[in-house]
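Engineer: what shape does this take:
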Amino acid sequence: MTKHIFVTGGVVSSLGKGLTASSLGRLLKARGLRVTMQKLDPYLNVDPGTMNPFEHGEVYVTDDGGETDLDLGHYERFIDEPLTRSSNATTGSIYSSVIAAERRGDYLGKTVQVIPHITDEIKRRISSLASDDVDVVITEVGGTVGDIEILPFLEAIRQFRLDVGRDNVCYVHVTLVPYIGPAEELKTKPTQHSVTELRSRGIQPDVIVCRSDRRISDALRSKISNLCDVPLDGIINAPDANSLYGIPLTMHEGGLDNYVCNILGFNHLSPDLTTWQELVDRVERAWKPVTIGIVGKYVTLPDAYLSVAESLRHAAFAHEVDLKIDWIMSDHVEGLLVGERLGHLDGIVLPGGFGVRGVEGKVEAARFAREQGIPCLGLCLGMQIMTIEYARNVLGLAGANSSEFDNADSTTPHPVIDLMDSQRDVTDMGGTMRLGAYVAVLEEGSQVADIYGETVISERHRHRYEFNPKYRSRFDESTFTCSGNSPDGKLVEFIELDDHPFWVGTQAHPELKSRPDRPAPLFDAFVGASLALAEKNDPARFDGLAPAGDVIDAR
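Structural biologist: Presented below is the predicted three-dimensional model:
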């Protein structure tokens, strides 16, 4: 029977419930268990697809087109399993399902209430991931204990243990143990109050993961154990780590997976963490200094580009690059400022986004990278920006733009990026989105075909506008190559320049499939090109540097 682990959090948000859950998933998978994961979010939006990136960070897209919480990105990167839209459920989607069922008459005229109807729907969502192919489902409950929005979820997971049996459920609670500087003490009171609140909802945690900025003593663990009624072995310390990929090893050292496996009956399995340890060692060996600029609209909240940043780090690990990411507001690189702001970079990434703000800065960044021979990777909107820049400055199509940016005062004479004819009559804007995995056919002998090592590939998408085929012939007559297309040849998926070391764009989001030990091919090639430029232009930067002799313990 499938076992279930529920991860809750207390005291404050952003404690790392998602990373705790992901790390536990990695550790269980290292024991040969088949693991899948799920996020329950208490907000009323049906999904995060319409939320401003400044509100909730990036929207993580699954193969089946689900627009989900960014924590699913952590899940996939750690357990290396593709998830689906079913792995993210919100209060909005749950209430929508219940109300739709009520309108259909499914409840036979009964009064519809939070208990049992909402809680039953939550439990149905949890149970839907259990199957003969899954040994463990890890479910993270968003928010913190004490939030009013979270109460139906806590009630549902409380009932769940009664439904499936006590031996098939484990509750993991993540809390904060803050250090008070003037007193020079770590304080357990916030953890005590958080557990008390959780117990008032009928849930006794089996494990408490104590987040802190430093290691806590065994005496402090014993105090938490006594006051929270959790065995000492179930009090796991999770101090800050140098790298988030070192967290599973920290958790294992603290005994988290051993204790959870004892509860769930998997104690006969031993973990093989050799591959993950090798990854952490590579992270610590990185020594080649390279600076990559991410020129975006939402850089004041790096979580808006979380998967992009992690994909760059994955590629950096593979090249032993000590990566520095320079977060650059696209509004700040227009006109004469472009060289001053971008001149020190070894590579430039133009990430995705929506709306007109900051677009001209991105166009300037694409031009600067093209003219100066700086590696440039365009993702989704980034590819469209590169197309616009080339059309204006090389093909001579003055005023070329995307019809997305048209307004009452300005309509482009050359919409090189446009809606397809089939999309124009769709009144629901969500219906015009291309979401999820799509196949692309790469041109034989192209740069992207060499990078992927094959000519038929699949990447995930999230966009509305496309390369306008009416202008295709103008581009084909230049050094600009549409090097990847949809199988029917109607949609451009990849672009590149024949006379540039690396100026590549894709309509897809390859960052969504990158893994720490298996970087996305485009990112791997891009970081490699950026390193080559750095070594060519500034070899003195590497003088006196060498691979680290002794690996620093990231735990």
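Engineer: looks like G146 contacts G10 (just checking).
Structural biologist: Yes. Counting by CB atoms under 8 Å, G146 touches G10, with 7.2 Å between them. All C-beta spots, glycine's among them, are computed from the backbone N, C-alpha and C.
Engineer: neighbour-wise, which of the two wins?
Structural biologist: Neighbours around G146 and G10, counted as other CB atoms under 10 Å, are more numerous at G10. The numbers are 26 against 16.
Engineer: how much space is there between N52 and V59?
Structural biologist: Summarising the geometry, the distance separating N52 from V59, computed by CB to CB, to the nearest Å, is 10 Å.
Engineer: er, D120 I mean
Structural biologist: Taking CB to CB, one finds D120 at 28 Å from V59.
Engineer: compare the two (neighbour count), which wins?
Structural biologist: Neighbours were counted for D120 and for V59 using other CB under 10 Å; V59 has more, 24 against 14.
Engineer: got a list of what that one touches?
Structural biologist: Taking CB atoms under 8 Å, 6 or more residues apart in numbering as the criterion, V59 is in contact with P48, G49, M51, P53, E67, T68, L70, R462.
Engineer: so who does the first one touch?
Structural biologist: Listed by CB under 8 Å, 6+ apart, the contact partners of P48 are D41, H56, V59, E67, T68, D69, T90.
Engineer: from these, which land in strands?
Structural biologist: D41, E67, T68, T90 (DSSP state E).
Engineer: what's the neighbour count on the closest residue in space to the last one that isn't next to it in sequence?
Structural biologist: The spatially closest residue to T90, leaving aside those adjacent along the chain, is D41, at 4.5 Å (CB to CB, 6 or more residues apart in numbering). Look at D41: counted by other CB under 10 Å, it has 26 neighbours.
Engineer: let the chain start at 233 from now.
Structural biologist: OK, 233 is where the count begins now, so the last one is D273.
Engineer: distance of D273 from F586?
Structural biologist: D273 is 21 Å from F586, where distance means CB to CB.
Engineer: relative to its centroid, which residue of the chain is most remote?
Structural biologist: The centre of the chain is farthest from one residue, G341, which by CA atoms, centre = their mean lies 42.4 Å away.
Engineer: how near is that residue to E334?
Structural biologist: For G341, the distance to E334 under the criterion CB to CB works out to 10 Å.
Engineer: same check on V404?
Structural biologist: As for V404, its distance to E334 is 34 Å (criterion: CB to CB).
Engineer: looking at those two, which is more packed in?
Structural biologist: When V404 and E334 are compared for neighbours, V404 comes out ahead with 26 against 15, by other CB under 10 Å.
Engineer: assumed the more buried one was part of a strand.
Structural biologist: Yes. Residue assignment for V404, taken from DSSP: H, G, I helix; E, B strand; the rest coil, places it within a strand.
Engineer: give me the beta-bridge partners of it?
Structural biologist: Going by DSSP bridges, V404 is paired in beta bridges with V239, V439.
Engineer: how about the one 4 residues further on?
Structural biologist: On the basis of DSSP bridges, L408 takes part in beta bridges with R443.
Engineer: tally of neighbours for it?
Structural biologist: The number of residues packed near L408 is 20, by other CB under 10 Å.
Engineer: please apply the same query to the one 10 residues further on.
Structural biologist: Close neighbours of L418, defined as other CB under 10 Å, add up to 17.
Engineer: ok, now how distant is it from P742?
Structural biologist: The gap separating L418 from P742 is 42 Å, by CB to CB.
Engineer: now swap in L481 and tell me
Structural biologist: 28 Å.
Engineer: do the same with I311
Structural biologist: Applying CB to CB to I311 and P742 gives a distance of 19 Å.
Engineer: more neighbours: which of those two?
Structural biologist: Taking other CB under 10 Å, I311 and P742 do not tie; I311 has more neighbours (25 against 22).
Engineer: that one contacts L265, doesn't it?
Structural biologist: No. I311 sits out of contact with L265 when judged by CB under 8 Å, with a separation of 10.1 Å.
Engineer: now do the shared contacts for these two.
Structural biologist: Between them, I311 and L265 share no contacting residue under CB under 8 Å, 6+ apart.
Engineer: quick check: phi and psi on E372?
Structural biologist: Backbone geometry at E372, expressed as degrees, to the nearest 10, gives phi -90, psi 130.
Engineer: residues contacting it?
Structural biologist: Contact analysis of E372 by CB under 8 Å, 6+ apart lists F238, V239, K249, G250, A253, M269, Q270, K271, L272, D303.
Engineer: can I get these in CSV with pLDDT?
Structural biologist: Formatted as CSV, these follow (pLDDT from 0 to 100):
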residue, pLDDT
F238, 98
V239, 98
K249, 95
G250, 95
A253, 98
M269, 98
Q270, 98
K271, 97
L272, 97
D303, 95
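Engineer: filter those residues down to the ones in helices?
Structural biologist: Where these overlap with helices, as defined by DSSP state H, the overlap consists of K249, G250, A253, D303.
Engineer: so which of those residues is the most crowded?
Structural biologist: Neighbour counts for the ones in helices among the contacts of E372 peak at A253, which has 28 neighbours (criterion: other CB under 10 Å).
Engineer: so for the strand or helix carrying A470, mean pLDDT?
Structural biologist: In this assignment (DSSP states H and E), A470 forms part of strand 467-471. Averaging the model's pLDDT scores along strand 467-471 yields 95.
Engineer: only C-alpha atoms, please: export it in PDB.
Structural biologist: Once side chains and other backbone atoms are set aside, the C-alpha atoms of strand 467-471 remain, and they are given as PDB (Å, rounded to 0.1, in the frame of the first residue of the first chain):
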ATOM      1  CA  ILE A 467      14.000  16.000  16.400                       C
ATOM      2  CA  ILE A 468      16.100  16.800  13.300                       C
ATOM      3  CA  ASN A 469      18.300  19.900  13.000                       C
ATOM      4  CA  ALA A 470      18.500  21.600   9.600                       C
ATOM      5  CA  PRO A 471      21.000  24.400   9.900                       C
END
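Engineer: mind listing what the closest residue to L627 other than its chain neighbours touches?
Structural biologist: Taking CB to CB, 6+ apart, and ignoring the residues beside it in sequence, L627 has R706 as its nearest neighbour in space, at 5.6 Å. Taking CB under 8 Å, 6+ apart as the definition of contact, the neighbours of R706 are A623, L627, L629.
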